[in-house]
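*Asks:* Fold the stuff below for me.
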Amino acid sequence: MTTAQETSLLYGTLGFLVVWGTLLVPQLIGHHARFGRVRPKRVAVLAVGTLYGCLALAVVLLPLPDPGRPRLEQTTQLVPFQWVSDIGAELSRYGEPVSHALLTLTFQQATMNVLLFVPLGIFARLLWRQGFARAALLGLGASLLIEITQLTANFGTAPFVYRIFDVDDLMNNTVGAMLGWVAAALFVALRKIRRAAAAPNAPATRPVPAGRPHRAAPAAPACAAHAAAGRVAPPAAPSQSRR
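*Replies:* Model prediction:
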C-alpha cells in the first residue's frame with residue numbers, strides 16, 4: 001500500500017466519523033418515534049454503509065493534486081488486461097522473478113480494485129435483494145461513474161486530470177461486485193440450511209400393529225338422544241271418584 005493510499009484511507013475514516021456522527025442522532029430519534037426503541041441492526045447497517053461510502057470516495061478521489069504536480073502523460077487506458085503486462089514490466093524493471101508477481105504494486109492495485117466493489121455486491125444481495133445480473137450492472141455503472149469523474153478532473157473541480165481512465169478498473173470493479181453477490185448468496189443459502197437443520201421435526205404418527213384391531217371408543221347413536229327425548233312416562237291410573 002502506497003503512502004497516498006494510506007492517506008486516502010485515513011481521510012476516509014475521519015470523514016466516516018463526521019458523517020456517521022451527524023446521521024446517528026436523527027436515526028436514534030427516528031427509531032424511538034417509530035418503534036419505541038433502538039434497532040441495533042439498522043444502526044449497524046447505516047454505519048457499515050457510511051463507512052464503505054466514505055472509504056470508497058476517499059480512495060477514488062484523494063489525495064487531490066498539488067498545483068505544482070506534473071501533468072499525466074496518459075489519461076486513458078483502453079487495452080483490456082493491460083495490468084498483466086504491467087506486472088511483467090515491473091518485474092523486469094526491478095529484476096524480480098516471476099514468483100514475486102503477487103508482490104508487485106500493479107497486482108496490489110488490481111486486487112484493491114476488485115475488493116473495493118465486493119461490499120457493493122454484498123449490499124446488492126442482502127439489502128436491495130437484487131439478482132446477479134443487476135448486481136453486475138450496478139458494479140459496472142458505479143465504476144463507470146468513477147472513471148468518468150476521474151477523466152473529467154472531478155467534473156472540473158480539480159485543476160487537471162490526475163487519475164487515468166482505465167478499462168481494467170471497470171472490469172476489476174465489476175468482478176468485485178459479482179464476487180460480493182456470490183459470497184452473500186452463499187451466506188444466505190448456508191443460513192437457510194442451518195435453520196432447516198435446527199428446526200424440530202414434526203411428530204410422527206404411531207402405527208397400529210398388524211393383526212391388532214383398532215378399538216375405537218363407542219359413539220352414542222344419534223337416535224339415542226331423540227329416543228330419550230321422545231320417551232314419555234306412562235300416565236298414572238285414574239283414581240276412583242268417591243261417591
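*Asks:* now the strands: where do they sit in this protein?
*Replies:* Assigned by DSSP state E, the chain shows strands spanning 76-77, 165-166.
*Asks:* what lines up beside the last one in the sheet?
*Replies:* Taking DSSP bridges as the criterion, strand 165-166 pairs within the sheet with strand 76-77 (parallel).
*Asks:* chain center to the strand it pairs with: distance?
*Replies:* Centre-to-centre, strand 76-77 and its host chain are 32 Å apart (CA atoms, centre = their mean, to the nearest Å).
*Asks:* With stretch 177-186 instead?
*Replies:* A distance of 8 Å separates the C-alpha centroid of stretch 177-186 from that of its chain, computed with CA atoms, centre = their mean.
*Asks:* Please apply the same query to stretch 45-54.
*Replies:* Taking the mean C-alpha point of stretch 45-54 and that of its whole chain, the gap between them comes to 12 Å (CA atoms, centre = their mean).
*Asks:* Give me the contact list for it.
*Replies:* The contact list for stretch 45-54 (CB atoms under 8 Å, 6 or more residues apart in numbering) reads 12-13, 15-16, 19-20, 23-24, 27, 119-120, 123, 127. For the C-beta atoms, the positions are set from N, CA and C on the backbone; glycine is no exception.
*Asks:* ok so, going back, of the strands of the chain, which is nearest His32?
*Replies:* With CB to CB as the criterion, His32 lies closest to strand 165-166 of those, at 46.9 Å.
*Asks:* what's next to the closest one, contact-wise?
*Replies:* Contacts made with strand 165-166 from outside it, assessed by CB under 8 Å, 6+ apart, are listed as 75-77, 82, 147-148, 150-151.
*Asks:* okay, the residue nearest to Arg163 when sequence neighbours are not counted: pLDDT?
*Replies:* Closest residue in space to Arg163, ignoring its immediate chain neighbours: Gln150 at 3.6 Å, by CB to CB, 6 or more residues apart in numbering. The score at Gln150 is 92. That number is its pLDDT.
*Asks:* ok, back up a step: okay, the strands of the chain, which one's buried deepest?
*Replies:* Of the strands of the chain, the one with the most neighbours on average (mean count of other CB atoms under 10 Å) is strand 165-166, at a mean of 22.
*Asks:* Can you pull out the low-pLDDT segments for this protein?
*Replies:* Within the chain, the stretches with pLDDT under 70 are 1, 200-243.
*Asks:* can you list the domains in it?
*Replies:* Listed by automatic domain parsing, the domain ranges of the chain are 1-64, 75-195.
*Asks:* just those: most buried one?
*Replies:* domain 75-195 (a mean of 16).
*Asks:* In TSV, list the contacts of stretch 45-54 along with distance to Ala189.
*Replies:* Compiled in TSV, the contacts of stretch 45-54 are given as follows (distance: CB to CB, whole Å):
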residue	distance to Ala189
Gly12	32
Thr13	33
Gly15	35
Phe16	31
Val19	34
Trp20	31
Leu23	32
Leu24	33
Gln27	31
Pro119	19
Leu120	20
Phe123	18
Leu127	17
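*Asks:* quick check, nearest of those residues to Asn113?
*Replies:* The shortest distance between Asn113 and any of the contacts of stretch 45-54, using CB to CB, involves Leu120 and amounts to 12.2 Å.
*Asks:* still on that earlier bit, mind checking which of the contacts of strand 165-166 are in helices?
*Replies:* Here DSSP state H is the test, and those give 82, 147-148, 150-151 as lying in helices.
*Asks:* from these, which two are the most distant?
*Replies:* Taking every pair in the ones in helices among the contacts of strand 165-166 and measuring CB to CB, the maximum separation is 19.1 Å, between Gln82 and Ile148.
*Asks:* rewinding a little: tell me the one of the ones in helices among the contacts of strand 165-166 nearest Val60?
*Replies:* Comparing these against Val60 with CB to CB places Gln150 closest, at 7.3 Å.
*Asks:* Please consider this matter closed, and thank you.
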